[in-house]
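Peer 1: Sequence first, then the predicted structure:
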Amino acid sequence: MNSDSVAMTDLSGKMHKPETVCIFGTGDFGRSLGLRLLQSGYSVVYGSRAPKNSLLLPKGSKVMTHAAAACDAHVVFVAVHREHYGFLSSLASDLEGKVLVDVSNNLKRGLYPESNAEYLSRLVPGATVVKAFNTISAWALQSGGLDANRQVLICGDCADAKQQVVDIAQSLGFTALDRGSLRAAAELEDLPLQLFPLWRLPLNIAICLTAFIFFYALTRDVIYERVTNGKDIAFRIMISLANKAFPIVSLVMLSLCYLPGALAGFLQLYNGTKYRRFPDWLDRWMLCRKQLGLLALAFGFLHVLYTLVIPIRYYVRYRINVYTISLVKDNNTYEFDNTAAWRYDSYYSMGILGFGLFVLLGITSLPSVSNSLNWREFCFVQSKLGYITLLLCTAHTFLYGWDRFLKPASYRWWMPPAYMLSLVVPCVVLILKLILITPCVDRNVTRIRQGWERQGKISANGRDTKTNHPLIA
Amino acid sequence: MNSDSVAMTDLSGKMHKPETVCIFGTGDFGRSLGLRLLQSGYSVVYGSRAPKNSLLLPKGSKVMTHAAAACDAHVVFVAVHREHYGFLSSLASDLEGKVLVDVSNNLKRGLYPESNAEYLSRLVPGATVVKAFNTISAWALQSGGLDANRQVLICGDCADAKQQVVDIAQSLGFTALDRGSLRAAAELEDLPLQLFPLWRLPLNIAICLTAFIFFYALTRDVIYERVTNGKDIAFRIMISLANKAFPIVSLVMLSLCYLPGALAGFLQLYNGTKYRRFPDWLDRWMLCRKQLGLLALAFGFLHVLYTLVIPIRYYVRYRINVYTISLVKDNNTYEFDNTAAWRYDSYYSMGILGFGLFVLLGITSLPSVSNSLNWREFCFVQSKLGYITLLLCTAHTFLYGWDRFLKPASYRWWMPPAYMLSLVVPCVVLILKLILITPCVDRNVTRIRQGWERQGKISANGRDTKTNHPLIA
Amino acid sequence: MNSDSVAMTDLSGKMHKPETVCIFGTGDFGRSLGLRLLQSGYSVVYGSRAPKNSLLLPKGSKVMTHAAAACDAHVVFVAVHREHYGFLSSLASDLEGKVLVDVSNNLKRGLYPESNAEYLSRLVPGATVVKAFNTISAWALQSGGLDANRQVLICGDCADAKQQVVDIAQSLGFTALDRGSLRAAAELEDLPLQLFPLWRLPLNIAICLTAFIFFYALTRDVIYERVTNGKDIAFRIMISLANKAFPIVSLVMLSLCYLPGALAGFLQLYNGTKYRRFPDWLDRWMLCRKQLGLLALAFGFLHVLYTLVIPIRYYVRYRINVYTISLVKDNNTYEFDNTAAWRYDSYYSMGILGFGLFVLLGITSLPSVSNSLNWREFCFVQSKLGYITLLLCTAHTFLYGWDRFLKPASYRWWMPPAYMLSLVVPCVVLILKLILITPCVDRNVTRIRQGWERQGKISANGRDTKTNHPLIA
């Protein structure tokens, strides 16, 4: 008896599959969706205004009028631009009781007062509207999820209808995530229109910093020279000034990427628990650490290129030439300075090693690489190696400056050289970190991160989540 | 009553799992497949000629003779080289009604007139043959899909049999895609034997271009010098000539990567609709844009290295030395040329910024990175940033040439310098793009891409699919 | 009748979904898990000591006392630190017959004699314990598996209980892999605590090699100079010596990465079969080839930077200056040496092309890139292009040395220059490969890899698995 029912269930499972799905709209998205549905074992019926003129549809699908197509299927994908939704209200009776899947996106945000899905629901009140697949591109459907986003976000008011769409999404090889009721549709429709939301703050910081350092150096170098000596060295803007701004921005942003972690440690020490929420600004800051770090790397990369191009610059060749000739004329020789040799070589060496580690951090933050690390490995790379990178880059900057901070000539118009400004944040971060890793402080922080609370409350908590906010991940 | 049946179904679902799967062949693939099946909860029986000598099989599996093993299971994986299929015909009666899964690949294309799966089907006519898993490597099975291709392509003539294989693939954590009837098997068997099909055209273009520019520069520089002045400067082939060819190929290929998009825009304007298919050559061109762009980046990378190595070249040091000495001897000085300083520094700066953006484009086209972008972000990076890259690189080349095009000496043997040739395509692309983004043209293109058609036909179409053909993705 | 039962099954499948899952612990992991479960359609009940004080829990979940929460659900996730498991023994009666999912990790290895899951099982003997989800971070749960590890490893003693956890994992969009009985829990708990196990051997090799070459060069260059000429050139440690050690380590490690493959070929030839296991040391060596190759690339990258920085070094500028002045003073001229021009340019060219290909190999070994290649493409890149890279880099080193090996002055204190040592391994590898690709040897190797055995035994094997051990993948 039991085995019989098993067999039946099994069979039914198999007979259940060639379910018919209807697609309104024969555009790229509709075609790609249909092909994928066919490949996953569904029957596909297209609804079209002009069934006879519909070309390029996937082999094995049928084309009918909208009404006839809707008749055959329980789930109807509406792959039509919102502007053309109008015709659907005339099909209201055919769509009664159906599940309408709204896959549409808008071209801009805020074009319409209500989301497309809610508008659809208002047009065809007899049907159940589910918003889904709008974050999946026609191309992702075609490429079969191999190297494309595999996550289908779904929302809707009826659990049963949503479940049917979830089943379809899973059969197609996607992962479905429920995002709540149809009111969430507006949010889902905004997702494909976002433009790097997490990058905005770090980018603004980078741009402001670059502009500030650039004008600071412009004043100190070019304008000062002009005013004081009447010499025009404005050509230095292109490379010399850029190569002052880039490394400074890079170093400051790298340290800004480690500062919130250090602040959070002190805050937890102060609160005596890890269960109090961080202030909002700190939370937001921690969430964009990866972006801060990657921008720092980009600026560091430009700094490397700008530096390596130095010896082929016209101005540099000119200067070396003039210097050599002056030495010859004065019957002088270049005195070899052993300290200078050590200093410059160390300076370059620190910079190269720092940049090498920095590139490693960048590679580790590629999604496919960071996924293959466990959390201990990830922590090790992003925290330990990250701090070593910061240390090397700070040492590189100190060696660059050497004893310049002692020379009054460095303070033109009371402005210290730009590199000195760049050292403030990294030094603060390194000192804070140094305090945090002294044994007695470290013991307390570790205890707190394991769930210990100063007041002695025991709470049953999940695992340590130091890794929740990846440093540069 | 109802709740009872639910429980039963549920139970049956669970009892249904430890299904027995048979594997013929105890090679690496068979062993890896067996291990994975065991890990996913299946029972595994191996069929082997010499069951007693079969070593290294995964723990928990059984080994029997082929006939005995087939008896226990409904699905039989044939993990045997095609050359050894012969023995299967003698098992025809044992395999009657079974689902035979052909996982085999050949070592070369076109070795046999019919696909392995069809041959198998002919050998054992009583069984249902399904082709599957041949694109999955033993290693991908072992590593559990973590960082391996997760897509199982399936074809076969019987929907039921295919569904059973789909179920197994999904239990193993793969995504199954139906590719039609058994006649598609030949195609599936060719897939793992393909060697970069999409790279072929771009690679050929790159090789031809490189060869052409190389011989052009060889004639203009080395042979001309030999013939006119009798000087042998053939040593320049290794770096100077290479460093002429590489940047030119890079720039031309970068613009070739944006040309089809611009052409498509004009074609859509001309057709007045986006629903007419592009000519085949344009389609093929658009499909290999990513490859064109990445090759351009590779050539750009070589150009950067070849350029940075200049100051440590023997020849360059010799030239500088000779020049300095000649200045000393003639009691001359190097006149500082402010324009030259501006020009060279701008030239390097454009190049560095262009290369920096180019590297960014390259990183964004890594599968794991491009998957984490939504289509608007992807468009922004590949289209906007891409055109800025092209603009910077073109400016870099113009600054390199400067007023050289005015000097008759540049036209040796009526051949203009190679860099001039390289500017033709990028300029065309930039001009076309400039036309496309003028407000009035842009409005029309946008309307067309939203589904508007000139004749006023309204058609219900899917979403905008500007992103269908990623630029460099 | 049949269709009725189909409908019923279908319905039951849908009604079965809003299953209630209980989570003990309201820490980060518990909260993230709850949110994800809610998004996937489950009901979530939290068990907490102080239900009224539990904040920040996902909307839609309920909080109760532990006992009340456990009552509602069949599956209970224990998201509590092992140190707090004590309270569970008092809930023994409430947990009778439940499935307890242990998701815990420890902070260090070997803290406890038995695994957390086995300890839990001992504390609550009436419940069935399943170890799962401990390799998934709270962050991976939040980000929805989009760019996170999607593999849930599961172990436990009861197949039914495991299946329930597998079902949950799959609903959440993860892939489940069964790792056997609860005794495997210790192993699973060790996984997130591992620190780059595969990188250890290659890193040690790299460190030892670097130290050896560094001290060798230190003795030959700095100490020799000091002892013989009394000159202090210790400043050369920072760049010159580093730039001797890095390229040598890079070349040796690149060849070490191809040596085991060549050895394996000879071993298969000697054994006359591919079915005999390789000795353990060779197996271990082959498994870390990717890591060897990537470390070699890192050292090569540093070598490139150290080389490009040469012309801006103080010492180099000093030397050039002194040389020019001495030429002027002696009224001498720099004789142009055509051979030197050829030699240096070829030397740089080989190096650049070798490095370019090396970077390509590195990019191809990124998980997301290597997944998009079929095995033939992967073989082509890692084997063919890999050997060309090795060949170019070896040629680069030979050109660097040129005729230095003939000059007695090169053998200070009977120590040959370090670069000569570095050529031994690459030459051996290239010679071995040369032998393996001679037609007659190649034919035999290919036959063996296709499953042929010398004794004439026919065995039914799986596919060729040359790709099992990706070269640098």
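Peer 2: In hand now; what should we look at? Numbering: from 1, shown residues only, chains lettered A, B, ... in the order given.
Peer 1: Low-confidence bits of chain A, can you list those?
Peer 2: Within chain A, the stretches with pLDDT under 70 are A:1-18, A:54-55, A:143-149, A:450-451, A:455-473.
Peer 1: Specify the residue ranges that define each domain of it.
Peer 2: By the assignment in the TED database, chain A contains the domains A:20-193, A:197-450.
Peer 1: Burial check on the closest residue to chain C within the stretch 151-300 of chain A, number of neighbours?
Peer 2: Nearest residue of the stretch 151-300 of chain A to chain C (C-beta to the nearest C-beta) works out as residue A:175 at 3.4 Å. Quick note: C-beta positions are derived from backbone N, CA and C, even for glycine. Neighbour count of residue A:175, defined by other C-beta atoms under 10 Å in any protein chain shown: 23.
Peer 1: For the residue in the stretch 1-150 of chain A positioned nearest to chain B, give its distance to residue B:274.
Peer 2: Nearest residue of the stretch 1-150 of chain A to chain B, counting by C-beta to the nearest C-beta: residue A:27, 2.7 Å away. Noted for residue A:27: a distance of 9 Å to residue B:274, by C-beta to C-beta, to the nearest Å.
Peer 1: Residue A:325 against residue B:325, yeah?
Peer 2: No - with contact defined as C-beta atoms under 8 Å, residue A:325 does not count as touching residue B:325 (9.7 Å).
Peer 1: and the stretch 51-200 of chain A, which residues reach chain C?
Peer 2: Taking C-beta under 8 Å from any C-beta of the partner chain as the criterion, the stretch 51-200 of chain A approaches chain C at residues A:146-147, A:149-151, A:159-160, A:162-163, A:166, A:175-179.
Peer 1: try it again with 6 Å
Peer 2: By C-beta under 6 Å from any C-beta of the partner chain, the residues of the stretch 51-200 of chain A that approach chain C are A:147, A:151, A:160, A:163, A:175, A:177-178.
Peer 1: Mind picking the two most distant members of those residues?
Peer 2: Maximum pairwise distance in those, criterion C-beta to C-beta, is 33.3 Å, between A:147 and A:160.
Peer 1: higher neighbour count, the two?
Peer 2: Per other C-beta under 10 Å, whichever of residue A:147 and residue A:160 has more neighbours is residue A:147, with 20 against 13.
Peer 1: Any idea how many residues pack against the residue of the stretch 1-150 of chain A closest to chain B?
Peer 2: 23.
Peer 1: How about the backbone phi and psi for it?
Peer 2: Backbone torsions of residue A:27, given as degrees, to the nearest 10, read phi -80, psi -170.
Peer 1: ranges for the strands of the stretch 1-150 of chain A?
Peer 2: Secondary structure of the stretch 1-150 of chain A (DSSP state E, counting those that start in this stretch): strands at A:20-24, A:43-47, A:62-64, A:75-78, A:99-102, A:128-131.
Peer 1: Please tabulate the ones you listed in TSV, including the columns mean neighbour count and distance to chain B.
Peer 2: Formatted as TSV, these follow (neighbours: other C-beta atoms under 10 Å in any protein chain shown; distance: least, C-beta to the nearest C-beta, whole Å):
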stretch	mean neighbour count	distance to chain B
strand A:20-24	25	6
strand A:43-47	24	8
strand A:62-64	17	12
strand A:75-78	26	9
strand A:99-102	28	11
strand A:128-131	27	14
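Peer 1: could I get those strands as a markdown table with distance to residue B:454?
Peer 2: Compiled in a markdown table, these are given as follows (distance: least, C-beta to C-beta, whole Å):
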| stretch | distance to residue B:454 |
| --- | --- |
| strand A:20-24 | 24 |
| strand A:43-47 | 24 |
| strand A:62-64 | 24 |
| strand A:75-78 | 26 |
| strand A:99-102 | 28 |
| strand A:128-131 | 32 |
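Peer 1: so which of those gets nearest residue C:268?
Peer 2: Set against residue C:268 and scored by C-beta to C-beta, the strands of the stretch 1-150 of chain A come closest in strand A:43-47, at 50.4 Å.
Peer 1: Pairing partners for that closest one, with directions?
Peer 2: Strand A:43-47 sits in its sheet next to strand A:20-24 (parallel), strand A:62-64 (parallel), going by DSSP bridges.
Peer 1: Nearest approach to residue B:331 belongs to which of the ones you listed?
Peer 2: Nearest to residue B:331, of all the strands paired with strand A:43-47, is strand A:20-24, at 85.5 Å by C-beta to C-beta.
Peer 1: so what secondary structure elements neighbour the helix ranked longest in chain A?
Peer 2: Counting by DSSP state H, the longest helix found in chain A is helix A:242-271. Counting contacts by 3 or more C-beta pairs under 6 Å, 6 or more residues apart in numbering or on different chains; DSSP states H and E, helix A:242-271 packs against helix A:200-217, helix A:280-287, helix A:289-308, helix A:418-422, helix A:424-436.
Peer 1: Can you name the residues of the stretch 151-300 of chain A that neighbour chain B?
Peer 2: Within the stretch 151-300 of chain A, the positions near chain B by C-beta under 6 Å from any C-beta are A:173, A:192-193, A:195-196, A:235, A:238-239.
Peer 1: and the two most separated of those?
Peer 2: A:173 and A:235 (57.6 Å).
Peer 1: what's the neighbour count on residue A:93?
Peer 2: For residue A:93, using other C-beta under 10 Å, the count is 10.
Peer 1: any idea how far residue A:88 is from the residue lying closest to it once chain neighbours are set aside?
Peer 2: When the adjacent residues along the chain are set aside, residue A:93 lies closest to residue A:126, with 7.6 Å between them (C-beta to C-beta, 6 or more residues apart in numbering or on different chains). Distance of residue A:126 to residue A:88, given as C-beta to C-beta: 11 Å.
Peer 1: likewise residue A:233?
Peer 2: Per C-beta to C-beta, residue A:233 is found 68 Å from residue A:88.
Peer 1: before we move on, what about residue A:405?
Peer 2: 73 Å.
Peer 1: With residue A:414 instead?
Peer 2: 71 Å.
Peer 1: Looking at these two, which is more packed in?
Peer 2: Neighbour totals were compared for residue A:414 and residue A:88, and residue A:88 leads with 23 against 5 (other C-beta under 10 Å).
Peer 1: so what's the more buried one up against?
Peer 2: A:123-124 (C-beta atoms under 6 Å, 6 or more residues apart in numbering or on different chains).
Peer 1: Just the element for the residue of the stretch 51-200 of chain A found nearest chain B, please.
Peer 2: Among all residues of the stretch 51-200 of chain A, residue A:173 sits closest to chain B, at 3.4 Å; criterion: C-beta to the nearest C-beta. Assessed by DSSP states H and E, residue A:173 sits outside every helix and strand.
Peer 1: Bridge partners for the residue nearest to it when sequence neighbours are not counted, pull those for me.
Peer 2: Excluding the flanking residues, the one nearest residue A:173 by C-beta to C-beta, 6+ apart is residue B:175, at 3.4 Å. Beta-bridge partners for residue B:175, by DSSP bridges, are residue B:151.
Peer 1: from what I can see residue B:175 touches residue B:166, true?
Peer 2: No - Residue B:175 is not in contact with residue B:166 according to C-beta atoms under 6 Å; the separation is 9.6 Å.
Peer 1: what's the distance between residue A:390 and chain C?
Peer 2: As for residue A:390, its distance to chain C is 19 Å (criterion: C-beta to the nearest C-beta, to the nearest Å).
Peer 1: Run through the residues that contact the one residue in the stretch 351-473 of chain A that gets nearest to chain B.
Peer 2: Closest approach of the stretch 351-473 of chain A to chain B (C-beta to the nearest C-beta) occurs at residue A:368, with a separation of 3.6 Å. Applying C-beta under 6 Å, 6+ apart, we find residue A:368 in contact with B:368, C:366-368.
Peer 1: Could you dump those residues into CSV with secondary structure added?
Peer 2: As requested, the contacts of residue A:368 are arranged in CSV below (DSSP: H, G, I helix; E, B strand; the rest coil):
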residue, secondary structure
B:368, helix
C:366, coil
C:367, helix
C:368, helix
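Peer 1: and of those, the nearest to residue C:116?
Peer 2: Out of these, the member with the shortest distance to residue C:116 (by C-beta to C-beta) is residue C:367, at 29.8 Å.
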